[in-house]
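Enquirer: Based on what follows, work out the 3D shape:
(one chain, ligands or ions: 1)
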Amino acid sequence: MCGFVGIISNKAVSVDIVLALQSIQHRGQDSAGVATIHKGTFPLLKRLGLVSHGFGPEQISQLPGNVGIGHVRYPTMGRGVLCDAQPFFYRQPGVIMAHNGNILNVPRISDELADDSVHLMSRCDIEPVLSLFAVNLMRLKRKDHTLEDALEALRQTLRKTRGAYSIVTALVLDGQETLLAIRDPHGIRPAVWGSVDGSTVVASESVALDVLGAKTQGDVAPGHVLVMRKGQSPQSYKLWDADHTPCIFEYIYFARPDSNMNSDSVYSVRLALGEQLARAWKAKGLQADTVIPIPDTSRPAAAAMAETLGLPYREGFIKNRYTGRTFIMPNQSERASALKLKLNAIRSEFYGKKVLLVDDSIVRGTTLTHTIQLIRDQGAVQVHLAIYSPPVMHPCYYGIDMSTKQELAAPKFLPGHGNGPLGEKELHLLEDRFSKKLGLDSLTYLPIEDLRQAYPRGHCSACFDGSYPLALTDQEKKWIESDRFSSRQGELNF
Ligand code: SF4
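Expert: As a prediction, this is how the structure comes out:
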């Protein structure tokens, strides 16, 4: 997972890019980068780690220019090393690019580039797309490129690019600095845009616009490219017919609750998920004294669940805010160490009580084992867990870091299950087996039908039901899995 920001303005943009990147730091802590265009040059700086660590006044002063793009990275392809960090730059005709998502057919694009003697410097999946776009643009014309040239080169490039992606790119067209944002036809990964005082801003989440005081104007439409220039209203051009299936996991876990995406408030969706989960839990006839969220993501759903059940909502955990999100630490050993620092319990909220914990999802299960032990140690008499998403049974090939089945905890408790959503019996069997393994008194997942009630628009839920909106070839799956294995060997066991 990653996040990006692009700004075009009447004034220097790098300070605003850095500020906006900090607001979407939760989308990637592995590296950060900023690139601008300034008088025919393309200043670019990338740093490993957090934005605030890598981009102070000295670095920002090296990034002049009125148009630029920024990126925070969590690697779902390639490695957590600086040469894989984004944005990327291509010299001819001079173009910078970053993205959020996964490109599925990198080997095919790389082979085509190699036939033209174009070689890559990284294992990051946006570099081949940028290179192909630049090569196509240069084939159309050697210089003085126009917007029409860029749209044609984009169409040629993206016809050969399979994946789930939102891309931001900047270059000079028609003699003007031009910022482009592109969203794949399924609109799986988010991209929103807005404006403030002569600046146009595009970003992965609306919080990046909020922090700059920009008014959100809407989403980059799936299958479209949004063209942004100084002093002009942005124009949207259709590249393909769209079949919009945004990632439901953004609403469940990834996005900030104060973001809006695809015209929906993330916070409201989380409330609706909590209400649905309360009904599923109540149907089991279980009893609890309090509802406690496992911070931070699950707070809205836990509050809605408590309200629906008529139970007190309590804070039972204090999170050390100076540790990163464990899910997006780049490898398992770093995740495990971070867990020990991450949470402490308030004993009075657990001692002698039947507690109902609420969490967003279970991916690998490592976080949970530690948390449940922590609560048992506080003297809780019963520990129930309710998850406001269905079991994660299938890998995500579209840019969330769970791209191999081996790393997922839930399928290990239903080894015979193939594709398709879980039936009621299978779900209860899985809950039973998994709750025993975790040492819980009960485990309740949100059934997939209830997820659809909470978010009734079309969406991708392939990690829950195996129904992938963009079908993958076996070769593509194999390549993605091998990329993850080679980057994280030996770290994928529950
Ligand atoms: S498979 Fe799951 S995580 Fe991946 S895009 Fe679809 S809903 Fe999101």
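Enquirer: Could you use CA atoms for every contact and neighbour count after this?
Expert: Noted.
Enquirer: Tell me where the stretch 351-494 of the chain has helices.
Expert: For the stretch 351-494 of the chain, applying DSSP state H, counting those that start in this stretch gives helices covering 366-377, 424-438, 448-454, 462-465, 474-487.
Enquirer: Out of those, indicate the one that is most buried.
Expert: Stretch with highest mean neighbour count among those: helix 462-465 (a mean of 22; mean count of other Cα atoms under 10 Å).
Enquirer: how about the helices of the stretch 351-494 of the chain, which one is nearest the ligand?
Expert: Among those, helix 462-465 comes nearest to the ligand, with 4.0 Å by Cα to the nearest ligand atom.
Enquirer: Now residue 343: phi and psi?
Expert: Phi and psi for residue 343, reported as degrees, to the nearest 10, are phi -120, psi 140.
Enquirer: Bridged to it, which residues?
Expert: On the basis of DSSP bridges, residue 343 is bridged to residue 319.
Enquirer: Same check on residue 4?
Expert: Beta-bridge partners of residue 4, counted by DSSP bridges, are residue 71.
Enquirer: who touches residue 237 in this structure?
Expert: 224-227 (Cα atoms under 8 Å, 6 or more residues apart in numbering).
Enquirer: can I get the helices of the stretch 351-494 of the chain in TSV with distance to residue 44 and mean pLDDT?
Expert: Shown next, in TSV, are the helices of the stretch 351-494 of the chain (distance: least, Cα to Cα, whole Å; pLDDT from 0 to 100):
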stretch	distance to residue 44	mean pLDDT
helix 366-377	36	88
helix 424-438	47	96
helix 448-454	42	96
helix 462-465	36	96
helix 474-487	26	80
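Enquirer: And for residue 159, the neighbour number?
Expert: Residue 159 has 11 neighbours, counted by other Cα atoms under 10 Å.
Enquirer: what separates it from the ligand, distance-wise?
Expert: 20 Å (Cα to the nearest ligand atom, to the nearest Å).
Enquirer: thinking residue 271 is in contact with residue 299, fair?
Expert: No. Using Cα atoms under 8 Å, residue 271 is not in contact with residue 299; the gap is 9.0 Å.
Enquirer: Return the residues in contact with the closest residue to residue 365 other than its chain neighbours.
Expert: Counting by Cα to Cα, 6 or more residues apart in numbering, residue 365 lies nearest to residue 409, which is 5.9 Å off, once chain neighbours are set aside. Neighbouring residues of residue 409 by Cα under 8 Å, 6+ apart: 362-365, 392, 494.
Enquirer: and those residues, which are buried?
Expert: Those of the contacts of residue 409 that meet the buried threshold are 362-365, 392, by 16 or more other Cα atoms under 10 Å.
Enquirer: Among those, list the two that are farthest apart in space.
Expert: Across those, the longest distance by Cα to Cα is 10.7 Å; it joins 365 and 392.
Enquirer: Residues that sit against both of these two, list them.
Expert: Shared contacts of residue 365 and residue 392 (Cα under 8 Å, 6+ apart): 408-409.
Enquirer: Residue 271 and residue 299: which is more packed in?
Expert: Comparing residue 271 with residue 299 by other Cα under 10 Å, the one with more neighbours is residue 299, at 24 against 21.
Enquirer: For the more buried one, give me its contacts.
Expert: residue 293.
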